[in-house]
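Q: Show me the folded form of this:
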Amino acid sequence: MYLVYILECADKTLYVGCTNNLEKRLNQHNNHKSGAHYTKIRRPVVLKYFEKYRTLKRGRARERKEVKI
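A: Numbers count the residues shown, from 1 in each chain. Predicted structure coming up:
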């Protein structure tokens, strides 16, 4: 299973990612060099939303999709 997730950064911007281990990835975003550069300079980040997908292909497609608000 893969999860597409939305993080809110300290500067109130949003970041969208895809992973098969959300707990590990959140830890990386907040505490390690292996977090995305975008979030590394905007810590701390907070999980705001996630969706589950059976395949990486579907998760990545959703990650790229533009959301209208």
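Q: and the residue most central in space within the chain, how far is that from residue 61?
A: Nearest residue to the geometric centre of the chain (CA atoms, centre = their mean): residue 17, 3.2 Å. Computed with CB to CB, to the nearest Å, the distance linking residue 17 and residue 61 is 14 Å. C-beta: built from backbone N, CA, C; applies to glycine.
Q: that older thread, is it correct that the residue nearest to the centre of the chain is in contact with residue 4?
A: Yes: Residue 17 lies in contact with residue 4 (CB atoms under 8 Å); the separation is 7.4 Å.
Q: so what sits against both of those two?
A: Shared contacts of residue 17 and residue 4, defined by CB atoms under 8 Å, 6 or more residues apart in numbering, comprise residue 63.
Q: Once you drop chain neighbours, what's closest to residue 13?
A: residue 42 (6.5 Å; CB to CB, 6 or more residues apart in numbering).
Q: That neighbour: what secondary structure?
A: Here residue 42 is recorded as coil under DSSP: H, G, I helix; E, B strand; the rest coil.
Q: Now do the contacts for the residue nearest to the centre of the chain.
A: By CB under 8 Å, 6+ apart, the residues touching residue 17 are 4-5, 7, 25, 29, 36, 63.
Q: For the helix or strand hosting it, the averaged confidence score.
A: Applying DSSP states H and E as the criterion places residue 17 in strand 14-19. Mean pLDDT, strand 14-19: 96.
Q: how far away is residue 35 from residue 9?
A: Distance, residue 35 to residue 9, using CB to CB: 11 Å.
Q: next one: residue 23
A: Residue 23 is 19 Å from residue 9, by CB to CB.
Q: In terms of neighbours, single out the busier of those two.
A: Between residue 23 and residue 9, counted using other CB atoms under 10 Å, residue 9 has the larger neighbour count: 17 against 9.
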